[in-house]
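1. kindly return the folded structure for what I paste below:
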Amino acid sequence: MTAAPTLPLVGPLVTLRAPRADDQAPLVAILAEPEVSVWWVGYTPERVQAEFIDDAEHVRIIEVGGECAGAMFVLRGADAEYPTTVMHLFIGTRFRGRRVGEEALALAIRAEFADGITRVTLDPNVNNDGAIRAYERMGFQRIGVLRDYQVRPGGHLEDALFLDLTRGDFPDGPPLPARA
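-> Prediction:
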């Protein structure tokens, strides 16, 4: 396996690219949307700068029509014996309903599988029904529940659903969503 795939990765609707300084403001705005901030808690402009812009090695900006629509973390494991990548993503509310997230995931997964990764995992909050439905539509399988996994506002803990997709499920990567 080599380092992360060369960016950009381009699909019918979505481009995955490296972050730029001008992505900070749109990312801050998206992360402040109620439908996003309920799952991605505590993102200040400084945190967005540090995690998405300054430490960009594992970040992919999800771009639609030249506009920042969200972002994803692509966290590849370092142990060659366990070729697994963990992914986390969010998209802005106005980009939902067009399968932007699914296409972004499919592009990233195809690139990871092509580079020798054999398994991709996700761990959404167990209450994030919309994301879980989308992931299962793509072929992700439920593995189990990660108990007391996420610290929520106020300090209480919530569970996450552990999902995975193997290269054997889709030898050429998951299909890109069909366009209407």
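2. residue with max distance from the center of this protein?
-> What lies farthest from the middle of the chain is residue 154; by CA atoms, centre = their mean that is 25.3 Å.
3. and that one, that one's in a helix?
-> Yes: counting by DSSP: H, G, I helix; E, B strand; the rest coil, residue 154 is found in a helix.
4. now do the strands in this protein.
-> Assigned by DSSP state E, the strands in the chain fall at 9-10, 14-17, 59-64, 67-76, 84-91, 119-122, 141-151, 157-166.
5. point out where this structure drops to low pLDDT.
-> The model of the chain has pLDDT under 70 over residues 1-5, 171, 173, 178-180.
6. center of it, which residue is that?
-> Closest-to-mean residue, the chain, CA atoms, centre = their mean: residue 89 / 2.7 Å.
7. residue 58 is in contact with that residue, correct?
-> No: checked against CB atoms under 8 Å, the pair residue 89 and residue 58 is beyond contact range at 11.9 Å. (C-beta placed from N, C-alpha, C; glycine too.)
8. find residues that contact each of the two.
-> Taking CB atoms under 8 Å, 6 or more residues apart in numbering as the contact rule, residue 89 and residue 58 both touch residue 73.
9. name the residues of the longest helix along the chain that are buried.
-> Identified as the longest helix of the chain according to DSSP state H is helix 100-114. Across helix 100-114, burial judged by 16 or more other CB atoms under 10 Å covers 100-113.
10. what bridges to residue 142?
-> residue 163 (DSSP bridges).
11. surely it meets residue 165?
-> No: with contact defined as CB under 8 Å, residue 142 and residue 165 do not form a contacting pair (11.3 Å).
12. with neighbour numbers in mind, choose between the two.
-> A count of neighbours by other CB atoms under 10 Å puts residue 165 above the other of residue 142 and residue 165, at 22 against 12.
13. wait, the more buried one touches residue 174, no?
-> Yes: if you go by CB under 8 Å, residue 165 and residue 174 touch, sitting 6.9 Å apart.
14. what touches both of the two?
-> By CB under 8 Å, 6+ apart, the residues touching both residue 165 and residue 174 are 109, 138-139.
15. measure residue 151 to residue 20 for me?
-> From residue 151 across to residue 20, the span is 31 Å (CB to CB, to the nearest Å).
16. quick one: buried residues of stretch 37-55?
-> Neighbour-count burial for stretch 37-55, counted by 16+ other CB under 10 Å, picks out 39-40, 43, 48-49, 51-53.
17. what about it, how long is it end to end?
-> Distance across stretch 37-55, first residue to last, is 21 Å (CA to CA, to the nearest Å).
18. how close does residue 172 sit to residue 63?
-> Distance from residue 172 to residue 63, counting by CB to CB: 24 Å.
19. higher neighbour count, these two?
-> Shown here are residue 172 and residue 63; by other CB under 10 Å, residue 63 has more neighbours (21 against 9).
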